[in-house]
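Student: Have a look at this prediction, sequence included:
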Amino acid sequence: MTKYTAKEFNIGELKGISAKNIEEHLKLYKGYVNNANLVLEKIGEYMADSEKNAYVIAELQRRFSFEFNGMRNHEIYFNSLSGGAKSLPADSKLKVQIEKQAPSFDAWFGGFKILAMTRGVGWAVLYWDKSMGELTHAWVDEQHLGQLNGLTPVLMLDMWEHAFVYDYPTSQKKDYVEAFFANLNWEVIENNFLKAL
């Protein structure tokens, strides 16, 4: 069985998101990687007597989806903060697609920020739906409940408190959303979109 390894990210100094918050958040990400590997290892052990261990295996499989999606979601998130803040390229195909579907880029952007303010923990996600040829955004509870099947994440904003707790109280999570976008490398997001096409 291939083991997952934690990726490295080129995250420099950010505006409004402290090095401490990023450091602690990266520890959490590495925990997802380690736990995904551990769960798969345990499933392998219990499979030696799958009939006897059916319940345990089923619960471990449920846990694996949580750990795996935690790992992958964070990889998209941290990658989007890597390489420094960059604006959306002037010839962006993503921007063209957004403006085809929304009244304007700014209207879509405001709507996505409202989505990010959904009560509870989860992720604000912009997806590409290849079968429909359109973008859609959705709220994903936790990280494994509510993912849209067959759609490719283009942009993921972590809205669990751990993403901003060292910098903002929960009553100021709107400031964290603004800080995230102030540091976003839109070239990465554009590349995610182009790869999803």
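Tutor: Looks like it came in fine. Numbering: from 1, shown residues only.
Student: Could you say which helix or strand holds the residue lying farthest from the centre of the chain?
Tutor: In the chain, counting by CA atoms, centre = their mean, Lys52 sits farthest out from the average C-alpha position, at 36.4 Å. Following DSSP states H and E, there is no helix or strand that holds Lys52.
Student: pLDDT value on the residue nearest in space to the middle of the chain, please?
Tutor: For the chain, Asn73 is the residue whose C-alpha lies nearest the centre (CA atoms, centre = their mean; 3.3 Å). pLDDT recorded at Asn73 is 97.
Student: ok now do it, which residues does it touch?
Tutor: Counting by CB atoms under 8 Å, 6 or more residues apart in numbering, Asn73 touches 123, 143, 153, 156, 158. In short, each C-beta sits where N, CA and C put it, glycine included.
Student: May I ask which two of the residues you listed are separated the most?
Tutor: Farthest pair in those (CB to CB) is Pro153 and Asp158. Separation: 11.9 Å.
Student: For this structure, which segments count as strands?
Tutor: For the chain, the strands defined by DSSP state E cover 122-129, 134-141, 152-158.
Student: Of these, which is nearest Phe164?
Tutor: strand 152-158 (8.6 Å).
Student: which residue ranges form the helices in the chain?
Tutor: 19-46, 54-80, 93-101, 105-116, 173-183, 186-196 (DSSP state H).
Student: Just tell me which of those helices ends up closest to Met132.
Tutor: Closest among these, once you apply CB to CB, is helix 93-101, at 10.6 Å.
Student: Name the surrounding residues that touch that closest one.
Tutor: 88, 105, 108, 134-135, 154, 189-190, 193-194, 197.
Student: first vs last residue of stretch 76-88, how far apart are they?
Tutor: 17 Å (CA to CA, to the nearest Å).
Student: Averaged pLDDT, it. What do you get?
Tutor: Rounded mean pLDDT across stretch 76-88 is 97.
Student: With that, I have no additional questions.
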